[in-house]
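>>> have a look at this prediction, sequence included:
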Amino acid sequence: MKGVLLIVFSVLCSISSVFGQTTPKIKGLSFVGSSSPISAQDVNPIIEMNANWVTLMPYGFVGNDGNVAFNSSWQWWGEKNEGIRKTIELCQAANLKIMLKPQIWMMNAYTGDYKLDSEKKWVNFENSYREFILNFLDIAVEKKLEMFCIGTEWREFIAARPSFWKKLIQTIKLKYTGDLIYAANWDDYEAVPFWSELDYVGVNGYFPLSYDSDPKLADLVIGWQVHSKKLKSFSTKTKKKIIFTEIGYRSILGAATRPWEHGTKGKYAPVVQDRAFQALFSVVWKETWLEGMFIWKWYHDHAKQGGVDDLDFTPQNKPAAETIKSYWAK
């Protein structure tokens, strides 16, 4: 009888595994690189949020010449190789899984609009971007990271140079055995031609949810139901689960109308941020097409971050933090 029970238990576990029920969803925070060295004390608040993942974002910067500057002396400690390695070690010591997501920052411009007007310029930029990505891939390999993101919001770059991306993925796979993902913007993820080569569909989920600057929770729920249906359909089409590689809301009036906006002025409204997260979790968290999410964003020195009158995306020391923590406790 004991042997029969063991067999039944084994079969049930196998069935559960097939349907993705044995692995917890990704409960991730986008941990911003700091200007100076951090310690385990800066990681503890992440654990207290019931998070089980972080994403680390070392930045590169593109100049007018198309060259990517990275790991430079003038950059923040947390963006350079030294800081990334140390941050990885601190997070791994806290049993956090890690997605490394090197990405490009452009002053007063959007990466999705980036175009070049000659083959020579494209080739130069591609070589520089490849060097940037492979630099941090080597760290991902060295530290045995669970996931690596090959790019973020490159709409025009992908449309113009699809062969570059396929070759880059092939090169990465020769070195790296972890999961691969790309972070598409919410309005162009369906146009990415290489999802079949990756392990997950990555979406930066800044979907507009309401025309109202101070919407009711019910309105936000309806907004998410519309997007959830479309995402489910795309997951079925690609046979890939979806991860929100970034998702978040500022604590201002209008945060759910144009969630992608940053740096604009507004009126402090933590209740709008909180409602948007409540709607997000109530609609999509239970969905089987969703593998998880990385909330944008989280800073070190937790006690001094966010709070009253902070208009930024971080939920730190705001009501939204308790909503996130509560859902992630389940």
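Okay, I see it. Numbers count the residues shown, from 1 in each chain.
>>> ends of stretch 135-153, how far apart?
This stretch, stretch 135-153, spans 20 Å end to end (Cα to Cα, to the nearest Å).
>>> and the nearest residue to R155 once chain neighbours are set aside, helix, strand or coil?
Leaving aside its sequence neighbours, R155 sits nearest to G112 (Cβ to Cβ, 6 or more residues apart in numbering; 3.8 Å). In this view, the C-beta of every residue, glycine as well, is placed from N, C-alpha and C. Of the three states, G112 takes helix according to DSSP: H, G, I helix; E, B strand; the rest coil.
>>> quick check: the gap between G112 and F157.
8 Å (Cβ to Cβ, to the nearest Å).
>>> the more surrounded of the two?
Neighbour count, other Cβ atoms under 10 Å: between G112 and F157, F157 has more, with 23 against 17.
>>> phi and psi next, for the more buried one.
For F157, the backbone dihedrals (degrees, to the nearest 10) come out as phi -60, psi -40.
>>> circling back: wait, doesn't the residue nearest to R155 sit right on Y189?
No: the criterion here is Cβ atoms under 8 Å, and G112 misses it with Y189 at 11.6 Å.
>>> can you give me the end-to-end distance of stretch 232-247?
In terms of Cα to Cα, the two terminal residues of stretch 232-247 are separated by 17 Å.
>>> give me phi/psi at R275?
Residue torsions, per degrees, to the nearest 10, at R275 are phi -60, psi -40.
>>> ugh, wrong one, W186
phi -60, psi -20.
>>> state the distance from it to L134.
Applying Cβ to Cβ to W186 and L134 gives a distance of 28 Å.
>>> between these two, point out the one with more neighbours.
W186 (19 against 16).
>>> where do the helices of this structure begin and end?
2-18, 40-48, 81-93, 119-142, 155-160, 162-175, 217-238, 270-284, 319-328 (DSSP state H).
>>> pick the most deeply packed of the ones you listed.
Mean neighbour count (mean count of other Cβ atoms under 10 Å) peaks for helix 270-284 among the helices of the chain, with a mean of 23.
>>> and the contacts of that one?
Among residues not part of helix 270-284, those counted as contacts by Cβ atoms under 8 Å, 6 or more residues apart in numbering are 209, 213-217, 220-221, 223-225, 228, 231, 247, 249-256, 259, 290, 315, 318-320, 323-324, 327.
>>> change it to 6 Å
Residues from elsewhere that reach helix 270-284 (Cβ atoms under 6 Å, 6 or more residues apart in numbering): 217, 220-221, 224-225, 228, 249, 251, 255-256, 290, 318-320, 323, 327.
>>> just the residues you listed now: which is nearest K97?
L290 (16.7 Å; Cβ to Cβ).
>>> chain neighbours aside, what residue packs nearest to that closest one?
For L290, ignoring the flanking residues on the chain, the nearest one in space by Cβ to Cβ, 6+ apart is V284 at 5.4 Å.
>>> quick one: the one you found from K27, how far?
If you go by Cβ to Cβ, the gap between V284 and K27 works out to 13 Å.
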